[in-house]
Structure formats: structure tokens, C-alpha cells
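Colleague: Need a 3D model of the sequence below.
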Amino acid sequence: FPFRLETKNVLLQSGSSFREATWQAPTGQIILTWHIDEGTQAYARYTHGFKAGHFNAQATQDLNEPPADPEFNDAWEAGLRGGWPDERLSGLASTFYYKYAGYQVFLFRDQADRPPVLEILNADEAENYGLELEASLEPFRGLVSPLLEGLRISGNFSMLHGEYIDFQVTTTVKDGPALLPAVIDFSGKPLASSPKYKVSAAVEWAIDLGRWAWVTPRYDFSWEATQYFDPNEGRGTQKFDTPSLPPDTVAQRPYFLHNVRLSYRN
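Modeller: The predicted model follows:
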């Protein structure tokens with residue numbers, strides 16, 4: 001188990017006072033692998049991760065404001081990988097579950113009594129789970145002449161569910177002339193920057209022209225589902241129960257990315 005010790009010192013703007021904190025925790029992983037046969041393996045892995053706390057220096061108004069707490073992660077993963085036959089076909093299938101405590105979130109706190117600043121806040125609980133599939137096929141490998149055997153087709157698919165299980169933020173809102181405390185509840189909302197689906201594929205054909213060169217045409221594409229860049233499903237901060245922005249404002253809607261390439265190598 002590697003041991004990590006991290007210390008951060010921050011000089012605040014109010015005079016010359018220092019604040020110091022030390023966070024430490026053991027981290028490590030355990031991996032079990034079963035070699036089913038010469039080309040096939042099944043594996044299971046557990047990992048315990050740690051991220052140190054953080055002083056929000058720009059947001060700190062006085063010496064009594066506490067820093068963000070450290071983040072802890074317990075991750076479980078299991079999968080199967082192998083190649084068949086003669087490694088013309090290879091693949092990987094895996095599933096995973098991540099459980100976070102003190103999940104650190106970058107968030108603009110839009111409070112009525114101060115300018116908006118980017119802070120790290122803690123979600124008490126968050127989780128990720130999903131699956132990943134990868135495959136690669138070289139259908140002509142070892143079956144035809146070197147001129148034609150370089151065809152390779154590959155693809156990837158992933159499904160991800162990320163959710164704030166318990167995440168509440170205390171802020172200040174203006175209601176007429178009055179400043180009122182408010183609690184914004186992001187519990188049950190999807191994690192930021194976590195698209196639910198991702199798909200990619202590629203086709204390339206390395207053509208061996210002998211002493212002349214290699215010529216390789218290639219096409220690939222990728223597609224991602226909507227991903228949000230804030231914890232409020234892309235709708236910004238909110239006053240009481242009303243989101244500030246229309247749906248998907250702070251978000252990337254689904255998109256395709258296509259690439260075509262022709263390469264020459266002597």
C-alpha cells in the first residue's frame with residue numbers, strides 16, 4: 001500500500017495569518033487474475049483512493065471558513081479479456097462501481113452578498129457505475145498475402161451512470177431587500193462531465209507495397225451523449241427551487257466526430 005501525505009499552506013488576504021492543514025490516508029489496490037487459457041483472462045480489482053482537502057483561497061472571507069474535506073473512493077471492477085483465434089479477434093468486457101465519500105465538486109457559488117467565485121465543495125456521497133466493451137478484428141491476418149492482410153476494425157462502447165447521492169449547498173439569495181439563507185439540493189442529479197453513453201469505431205487498412213511503401217487509409221468516428229458541466233443538469237445555479245437557465249445551457253449536447261486519414265510510410 002503506497003502512503004501519501006499532502007500538506008497545503010495558504011496565505012489569506014486578511015493580514016499575514018497562515019492556515020495549515022494536513023490530510024493523509026493509505027491507498028492501494030488488490031488485483032486477482034484467473035488465466036482461463038493461454039489467451040483468455042478474467043480479473044477482479046478493488047482500489048481505495050484518496051484526494052487531499054483544499055483551501056478555497058479566493059472564496060475565503062475570514063479565518064473561520066473551513067477548507068473542503070478530502071475525498072475518498074472505493075472502486076470495484078471485474079472483466080474478461082482475450083484473443084481468439086490466432087489473435088485475429090481480441091476483446092475486453094468490464095463492469096465497475098465507484099463509491100465516493102466527500103466527492104469534490106468545482107462549483108460557482110452564486111451568492112447574493114458576494115461575487116461568484118469558483119470553489120471546491122463536497123458532496124457527501126456520489127457514485128459511478130457502468131460497463132465498457134472493446135473489440136478488435138483483423139479478419140485477413142495470416143490468411144492472405146501481406147499486401148492485403150493489414151485490414152483492422154475496432155470498436156468501443158461504454159455506458160456510465162453517475163449520480164450525486166447526497167449533495168446539498170448552503171447559499172445566500174436576495175428576496176426583495178432581504179438576504180435569505182437557502183439550501184440547494186443537487187441529490188439525484190447526474191455527475192458533471194459524465195456522458196451516459198460513448199461509442200467509437202475505426203477501420204484502417206495497412207497496405208504493404210513492398211520496397212515502395214506502406215499506404216494506410218483510415219476512417220474513425222466517435223459519438224457522445226449529453227454531458228453536463230455543472231451539478232444542476234446544465235441549468236446553472238438556482239434561486240430556491242427555480243433553475244437560472246434553460247435546459248442544456250451549461251452542457252454539451254450529443255455529437256459525432258468523424259476523421260478520415262491517408263498516411264504514407266516508406
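
Colleague: only C-alpha atoms for contact and neighbour calcs from this point on.
Modeller: Noted.

Colleague: so how far is residue 97 from the most centrally placed residue in the chain?
Modeller: Nearest to the geometric centre of the chain sits residue 194, at 6.0 Å (CA atoms, centre = their mean). With the distance defined as CA to CA, to the nearest Å, residue 194 ends up 14 Å from residue 97.

Colleague: which residues touch the residue nearest to the residue nearest to the centre of the chain when sequence neighbours are not counted?
Modeller: Of all residues beyond its chain neighbours, the one nearest residue 194 is residue 227 (5.6 Å), with distances taken as CA to CA, 6 or more residues apart in numbering. For residue 227, the contacting residues are 192-196, 251-254, by CA atoms under 8 Å, 6 or more residues apart in numbering.

Colleague: So among these, which ones count as buried?
Modeller: In terms of neighbour count (16 or more other CA atoms under 10 Å), the buried residues within the contacts of residue 227 are 192, 194-196, 251-252.

Colleague: which ones among the residues you listed are found in strands?
Modeller: 251-252 (DSSP state E).

Colleague: related to what we said a few turns ago, phi and psi next, for the residue nearest to the centre of the chain.
Modeller: Note on residue 194: its backbone torsions stand at phi -130, psi 80 [degrees, to the nearest 10].

Colleague: show me the contacts for it.
Modeller: 160-162, 227-228.

Colleague: coming back round to it: report the two of the buried ones among the contacts of residue 227 separated the most.
Modeller: Using CA to CA, these span at most 13.1 Å, a distance reached by 196 and 251.

Colleague: Residues in contact with both of these two, list them for me.
Modeller: When contacts are counted by CA under 8 Å, 6+ apart, residue 196 and residue 251 have 226-227 as shared neighbours.

Colleague: mind checking which helix or strand of this protein has the lowest mean pLDDT?
Modeller: In the chain, no helix or strand scores lower on mean pLDDT, DSSP states H and E than strand 3-11, which sits at a mean of 47.

Colleague: Residue 266 is in contact with residue 216, correct?
Modeller: No - counting by CA atoms under 8 Å, residue 266 is not a contact partner of residue 216; they are 11.4 Å apart.

Colleague: the more surrounded of those two?
Modeller: Just comparing residue 216 and residue 266: by other CA atoms under 10 Å the higher neighbour count belongs to residue 216, 17 against 9.

Colleague: contacting residues for that one?
Modeller: By CA under 8 Å, 6+ apart, the contact list for residue 216 reads 204-207, 262-264.

Colleague: Could you do residue 182 as well?
Modeller: Residue 182 sits in contact with 170-173, 240, where contact means CA under 8 Å, 6+ apart.

Colleague: Take those and write them to CSV, including pLDDT and distance to residue 247.
Modeller: Putting the contacts of residue 182 into CSV (pLDDT from 0 to 100; distance: CA to CA, whole Å) gives the following:
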residue, pLDDT, distance to residue 247
170, 81, 23
171, 79, 22
172, 77, 23
173, 76, 22
240, 58, 17
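
Colleague: Now do the strands in the stretch 1-150 of the chain.
Modeller: With DSSP state E, counting those that start in this stretch applied, the stretch 1-150 of the chain shows strands at 3-11, 18-26, 28-37, 40-51, 71-84, 89-109, 117-137, listed in chain order.

Colleague: Any chance of CSV for those, columns mean neighbour count and distance to residue 183?
Modeller: Converted to CSV, the strands of the stretch 1-150 of the chain look like this (neighbours: other CA atoms under 10 Å; distance: least, CA to CA, whole Å):
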stretch, mean neighbour count, distance to residue 183
strand 3-11, 12, 28
strand 18-26, 14, 27
strand 28-37, 11, 36
strand 40-51, 17, 26
strand 71-84, 18, 22
strand 89-109, 19, 12
strand 117-137, 19, 13
